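Asks: My questions are about this predicted structure, shown below with the sequence.
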Amino acid sequence: MNSSLISVRYARAIFMFAKEKNVLTDVFQDFQLIKESLQPLPEFKTFIISPIVKPEDKKKIFNDVFKGKINQITLDFLIFIVEKNRENALMSIIRMFEKFYRQHFNIKEVIIRTALPLGEDAKEKIADLVAEKYDCKAEIVNQIDEKIIGGFTIIMENQQLDLSVKTQLEEIKKTLKSEAYKIGL
């Protein structure tokens with residue numbers, strides 16, 4: 001079966017179950033914790049998705065790491081995923097769950113890439129602007145990327161506004177090369 005289809009089905013299932021049990025926000029926060037636990041530790045992620053590691057060992061790890069820290073429904077879901085041999089789709093399932101959650105609560109994720117961290121005032125102002133313009137709540141995610149030198153890049157709903165110094169310098173470079181070619185330099 002197609003892995004994206006699997007992710008959608010499992011994400012929808014946990015979303016509907018969490019909604020029915022009135023723990024949507026808890027499960028969303030649990031998934032954020034799981035994501036934060038897996039991303040900086042590639043060894044942990046490799047262990048979880050490895051077909052060589054026994055399912056019982058994976059279940060034990062999930063229990064040891066997350067029991068008491070996440071909702072029991074979320075923990076049961078992790079165990080269920082291991083039992084169904086779908087742990088390799090976990091990150092994709094989490095992303096799909098986040099999408100369903102944001103749609104349900106009318107939240108727009110706004111990713112802002114900057115060379116330096118944004119202050120809380122700037123985040124609040126951007127969130128207010130997005131909320132006013134799109135009649136929604138805004139979740140601001142500030143990603144640091146020193147390569148952009150200055151300025152910022154905003155990504156929202158697969159649209160990007162790139163006002164970074166790096167991009168502006170690249171555009172100037174292209175223009176100069178193009179002009180140099182035209183005049184024969």
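Replies: Nice, thanks for sending it over. None of the values given here were measured: they were computed from a predicted structure.

Asks: Could you look up the next helix or strand downstream of the host helix or strand of Asp30?
Replies: According to DSSP states H and E, Asp30 maps onto helix 24-38. Using DSSP H and E, the helix or strand that follows helix 24-38 towards the C-terminus is helix 42-49.

Asks: what's the next secondary structure element after that following helix?
Replies: The helix or strand immediately downstream of helix 42-49 is helix 55-66, counting by DSSP H and E.

Asks: Could you check the angle that next one makes with helix 24-38?
Replies: 110 degrees (axes from the mean of the first three to the mean of the last three Cα atoms, to 10 degrees).

Asks: shaky segments in the protein?
Replies: For the chain, the stretches with pLDDT under 70 are 1-3, 180-185.

Asks: can you pull out the helices in it?
Replies: 3-20, 24-38, 42-49, 55-66, 72-83, 90-104, 120-134, 165-183 (DSSP state H).

Asks: Throw these into TSV and include distance to Gly150, thanks.
Replies: All C-beta atoms are positioned from the backbone trio N, CA, C, and that covers glycine. Output for the helices of the chain, formatted as TSV (distance: least, Cβ to Cβ, whole Å):
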stretch	distance to Gly150
helix 3-20	37
helix 24-38	28
helix 42-49	31
helix 55-66	40
helix 72-83	40
helix 90-104	30
helix 120-134	14
helix 165-183	4
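
Asks: Generate TSV for these, with mean neighbour count and distance to Ile112 as supplementary columns.
Replies: Shown next, in TSV, are the helices of the chain (neighbours: other Cβ atoms under 10 Å; distance: least, Cβ to Cβ, whole Å):
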stretch	mean neighbour count	distance to Ile112
helix 3-20	16	26
helix 24-38	17	18
helix 42-49	14	26
helix 55-66	14	30
helix 72-83	18	29
helix 90-104	18	17
helix 120-134	13	7
helix 165-183	11	15
